[in-house]
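Novice: Starting from these lines, generate the structure:
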Amino acid sequence: MAVEIRFDANQQYQLDAIASVVDLFAGQEGLGQGLATSGPKAVAGGGLFDQVVFGNSLDIAPSTIKTNLRRVQDRPVVRSDGSETPSIAADLRADVSEDSDALDFSVEMETGTGKTYVYLRTIAELNKAYGYTKFVIVVPSVAIREGVLSSLDLLADHIRDLYDGLQVDSYVWNSKPTTARNFGIASHVQIMVITIDAFTKESNVMNKQTEYGYAPIEYIQACRPIVIMDEPQNMETPTRQQAIASLSPLFKLRYSATHKDLKHLVYRLTPVDAYDHSPRLVKRIGVLSIVKDEDPNEAAVDVLKVTGTAAAVTATARINRATAQGTKLTQVTLRKDDDLHDLSGGLSAYAGWSVEDIHVGMDGQPGWIEFGNGTRIREGGDRTNSEQLQRLMIRQAVESHFEKELQLVRQLRRGVIEARLKPLTLFFIDKVANYHPAGAKFRTWFEDEYEFVRNNPKYRAIKTQMPDVKDVHDGYFATTSKGEPKDLSFTATGAETKDAEGAFERIMRGKEKLLSCDEPLRFIFSHSALVEGWDNPNVFTICNLQDGRSTLRKRQQIGRGLRLPVMDNGERCRVDDVNLLTVIAYEDFATFAKDLQEEIETDTGTTFTGRIVNVAKDKTTLRLKQAVLDDPIFQELWARISAKTTYRIDFDTDKVVAESVRRINEMEPLEQVKYRISKAEIDITVAGVSGAEVTERGTVEVEGARRVPDVVGELTRRLPLSRATIVRILTEIDDLDQVRANPAAFIDQVESAISRALYDQVADGIVYTPTGESWSASLFKERHQFETVARADFVVPVTKSVTDKIVCDSGVEVAFAKYLEHERDDVPLFVKLPEWFKISIPLGVNYNPDWAIVRREPEGTYLYLVRETKGTGQIDQLQWESEGWKIKFGEAHFSAIKVDFMFGDGRHGNILVEQSEDFPKHTRAVRH
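Specialist: Residues are numbered from 1 along each chain as shown. This is a model prediction of the structure:
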């Protein structure tokens, strides 16, 4: 039996949010039952006739609305420190004009504080005050649509009781023309919920003319509906904005916790406001932190995420860093040529750890970082067994849940809470196969851990109330036609496919049943794609089990469980000691808090000291120069250098095996992986996101989850060697048992050692052959038109290139770009070759050369050059041997396509000297 949630109609902050919208139109006359007006013409009996619709109208002057807006924004609010300020700061106010933006208003409310409740009651208040009857709620996804429909069902009786039996019809746009017609001709309140993708195209049913001579959208347009945009930041593209404008809205109302475009902000409830409010409006937040127990004297490197853009490739990683409080595991952003020794604060363990290259994963494979010391670390966490970590996280989530169940039983007995309260635990996963069918690893681990914890004497008092393991967990997924769970799928634009839509409809509706203590389900495994739109007030524990490369932001994760919980009697529990949301996190508390604070600052635009954050302060925009792309000089340069090639390699297998074995035997011994677990509570105040550790739970290993993976198969997949050769190498090394201590790290290190042994063999014997294909110059326009890049410290303004600025990777490149721009009059054009310009080289990596340069000679001929800039001009003086290999591969590639290639230190003019008379020059008039 579902719990019937009771709503409090007197929450002052919600009433303030409602009034901030209603009062914008003070002075507007009431419309009674709506304004009767002429609707679309319909065809009947061979003729046309007008159809009467009931719509909205706005009869007050723009100056009145402007005055009302300023009054609303000037309303005083008392902050947590006792100070009184205008509700909307001057920095957040947009200029009021008389264009369409003048009737576009925003309400900002932190997740979990009742945003949907507020705008549904605002509909009723607008009808009460002004007689408005036609409302369209536009949402960006089916998940959010289903959440809105669920709220409409839950609130129907509540609103009817508050507003004297107000008649409201609410429904989803179902692609039936009669739905739009009924919306138009009804004289009482109509609420249509529609996803943005249902009316963005001319081919959508909403926009297609029917056999009666009108399109469904014409009925909506005739009504001049009030358009409510839920999560508008996901509907900001020109196409979607144009679609919303096509509804002919009377005015627009935007509701979100994370606006991108504020328009006219009329109400604001930030995370700080929600957390500092007395009583709190959301749950407290705790972090149960699981981190690898690192030796501060060792070089810990955890590669969390690799991100590639047209301008650069970066990686998010965790390394040890020296601080005043000692050595701490710290999250950093890495770029090519970064030195971990410097980033760590000078820790000697990182000597030699410079970032040689960062590779984006292809075809679903993880990316990786290649370091100058030969180490290669893949994306997806640290060099540990991820299955160990995932099982440990499941164990901690189950223990956290049992702790909450026991706490709630004791609090009910002591009268702290007035009715039973059932907690839920939510697991996010990204592959259904990890949970379904029976025997899948997450399901098996969960059931084992659940039974283990349930039989712990510590939880004897609640053992009988905890359901059997087969009833206590379930997965919320899309299903096949036979009812089998499957992964959700999306179109290239992010729109849901039919299977995703079906999953959302099943999951989002009827979630109140989960609140009942009589419902045994307590642990929910949910696809990570459902993170937006789905939440449940009784989620007390959240655990993200995605395989390493998690795309979930901190606010997305905690947002699924921020709402105040609902007891069995339908009332909200507002007891702080009860309301603690625990997030199981594979990172230390300081990193979690730092990331959360940065997300809040970025999303809300305000720091915790009250000043406005300039989100774009470290960003710069590159503007593409079409005139340069069209110039014959560039076109000739590109025609010469853009050819693609393929390569052939020959090597002596015996030598590769011997060198691989030597390198592997020289590796540092691996130690068993241990995890340190601690718990801390987050505090969100005007000073920032902070907190102190509550408990240190010690160091643990996960013996049950450790298994030796298919080392031979994994290395064969990563390397261009046969299984027989891999087996031969492994059988000849001194200590194969190291794989048991840390399988993932062992595979990474062995791969790196074999790769370098192979490089030694193939660098001098590789042969490139042109394929007849080439890189298209159109990619510049596709990927670099008004491109914004986050890193502004290595940006050089230029006039001689295809963009107005060049983003460099190092100080050497900055100096060289300035040299070409300001000191070389004989260089009319130079291009920093973009990240997508890749030369294939062995072992699954690619080489991205630095520069393409045109040099004009005195007689009017042009030299077309490709150059690599390093800190030295001698290949035997390069810091890392792999840098030399890549240069040799580059020489072989460009020689095959007859392009002049060279590397040097970039500080001397001889780097522009022609290397061979064999390469053709191009003769034409000197450009003036």
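Novice: Just give me the longest helix of the chain.
Specialist: If you go by DSSP state H, the chain has its longest helix at helix 386-413.
Novice: Tell me the buried residues in that helix?
Specialist: Judged by neighbour count (16 or more other CB atoms under 10 Å), helix 386-413 contains these buried residues: 386-405, 407-408, 411-412. For glycine as for every other residue, the C-beta is placed from the backbone atoms N, C-alpha and C.
Novice: Leu670 and Ala745 touch, don't they?
Specialist: Yes - taking contacts as CB atoms under 8 Å, Leu670 lies within contact range of Ala745: 5.6 Å.
Novice: list the contacts for Asp764?
Specialist: Each residue near Asp764 by CB atoms under 8 Å, 6 or more residues apart in numbering is listed here: Lys888.
Novice: That one - that's part of a helix, no?
Specialist: No - Asp764 is assigned coil when assessed by DSSP: H, G, I helix; E, B strand; the rest coil, not a helix.
Novice: Stretch 404-420: end-to-end distance?
Specialist: The first and final residues of stretch 404-420 sit 12 Å from each other (CA to CA, to the nearest Å).
Novice: and it, how far from the chain's centre?
Specialist: 37 Å (CA atoms, centre = their mean, to the nearest Å).
Novice: Show me this protein divided up by domain.
Specialist: 12-269, 300-381, 385-604, 619-647+768-923, 651-764 (the TED database).
Novice: So Glu891 belongs to a helix, correct?
Specialist: Yes - counting by three-state DSSP, Glu891 falls inside a helix.
Novice: Can you give me the distance of it to Trp885?
Specialist: 11 Å (CB to CB, to the nearest Å).
Novice: out of these two, which sits in the busier spot?
Specialist: The residue with more neighbours, out of Glu891 and Trp885, is Trp885; 24 against 19, by other CB atoms under 10 Å.
Novice: what ranges do the strands span in the stretch 551-700 of the chain?
Specialist: Secondary structure of the stretch 551-700 of the chain, counting by DSSP state E, counting those that start in this stretch: strands at 580-585, 620-622, 643-648, 675-685, 688-690, 693-700.
Novice: Of these, which shows the lowest average pLDDT?
Specialist: When the strands of the stretch 551-700 of the chain are ranked by mean pLDDT, strand 693-700 comes last with a mean of 56.
Novice: Following element in sequence after that strand, please.
Specialist: helix 711-718 (DSSP states H and E).
Novice: Distance from the chain centre to that following helix, please.
Specialist: Centre-to-centre, helix 711-718 and its host chain are 31 Å apart (CA atoms, centre = their mean).
Novice: So what angle separates the directions of the following helix or strand past it and helix 711-718?
Specialist: Using DSSP H and E, the helix or strand that follows helix 711-718 in sequence is helix 723-732. Here the directions of helix 723-732 and helix 711-718 differ by 130 degrees (axes from the mean of the first three to the mean of the last three CA atoms, to 10 degrees).
Novice: Give the other helices and strands that helix 723-732 contacts.
Specialist: If you count contacts as 3 or more CB pairs under 8 Å, 6 or more residues apart in numbering; DSSP states H and E, helix 723-732 packs onto helix 653-665, helix 711-718, helix 743-762.
Novice: Next, the angle from that helix to helix 653-665.
Specialist: Helix 723-732 runs at 40 degrees relative to helix 653-665, counting by the same axes, to 10 degrees.
Novice: downstream neighbour of helix 723-732 in the secondary structure list?
Specialist: Proceeding N to C from helix 723-732, the next assigned helix or strand is helix 738-741, under DSSP H and E.
Novice: Buried residues of that next one, list them for me.
Specialist: Buried residues in helix 738-741, counted by 16+ other CB under 10 Å: 738-739, 741.
Novice: So which of the residues you listed is the closest to Ala274?
Specialist: Checking those against Ala274 with CB to CB, the nearest one is Ala741 at 46.1 Å.
Novice: Tell me the confidence at the closest one?
Specialist: If you check Ala741, the pLDDT there is 77.
Novice: do the same with Ala478
Specialist: 60.
Novice: so how far is Thr645 from Phe634?
Specialist: Phe634 sits 22 Å away from Thr645, going by CB to CB.
Novice: okay, these two: which has more neighbours?
Specialist: Phe634 (22 against 18).
Novice: Check whether the more buried one really touches Ala627, as I assumed.
Specialist: No - taking contacts as CB under 8 Å, Phe634 lies outside contact range of Ala627: 9.5 Å.
Novice: for the helix or strand containing Val21, packing partners?
Specialist: Element membership of Val21, judged by DSSP H and E, is helix 12-22. With contacts defined as 3+ CB pairs under 8 Å, 6+ apart, the packing partners of helix 12-22 are strand 104-109, helix 115-130, strand 264-269.
Novice: Those: which one's closest to Ile841?
Specialist: Between Ile841 and the helices and strands packed on helix 12-22, the shortest gap by CB to CB is with strand 104-109, which sits at 49.9 Å.
Novice: buried stuff in that closest one?
Specialist: The neighbour-count check on strand 104-109 (16+ other CB under 10 Å) flags 104-109 as buried.
Novice: can you redo the residues you listed as JSON lines with distance to Ala763 and pLDDT?
Specialist: Formatted as JSON lines, the entries for those read as follows, by distance: CB to CB, whole Å; pLDDT from 0 to 100:
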{"residue": "Asp104", "distance to Ala763": "61", "pLDDT": "96"}
{"residue": "Phe105", "distance to Ala763": "64", "pLDDT": "97"}
{"residue": "Ser106", "distance to Ala763": "59", "pLDDT": "96"}
{"residue": "Val107", "distance to Ala763": "62", "pLDDT": "97"}
{"residue": "Glu108", "distance to Ala763": "58", "pLDDT": "95"}
{"residue": "Met109", "distance to Ala763": "60", "pLDDT": "94"}
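Novice: sorry, back to before: determine the residues that are contacts of both of Glu891 and Trp885.
Specialist: Contact criterion CB under 8 Å, 6+ apart; residues shared by Glu891 and Trp885: none found.
Novice: What segments of the stretch 101-250 of the chain are strands?
Specialist: Assigned strands in the stretch 101-250 of the chain, in chain order: 104-109, 134-139, 168-172, 189-195, 226-230 (criterion: DSSP E, counting those that start in this stretch).
Novice: and of those strands, who's closest to Val712?
Specialist: Closest approach to Val712 among these (CB to CB): strand 189-195, 48.5 Å.
Novice: How far away from the center of its chain is stretch 425-435?
Specialist: Using CA atoms, centre = their mean, the offset of stretch 425-435 from its chain centre is 18 Å.
Novice: Same check on stretch 144-154?
Specialist: On CA atoms, centre = their mean, the centre of stretch 144-154 falls 25 Å from the chain's centre.
Novice: again, but for stretch 595-602
Specialist: Centre to centre, stretch against its chain (CA atoms, centre = their mean), the figure for stretch 595-602 is 13 Å.
Novice: Likewise for stretch 333-351?
Specialist: Here the centre of stretch 333-351 is set off from its chain's centre by 26 Å, with CA atoms, centre = their mean.
Novice: Buried ones in that stretch, by neighbour count?
Specialist: Result for stretch 333-351 [16+ other CB under 10 Å]: buried residues 334, 336-338, 340-341, 343-344, 347, 349-350.
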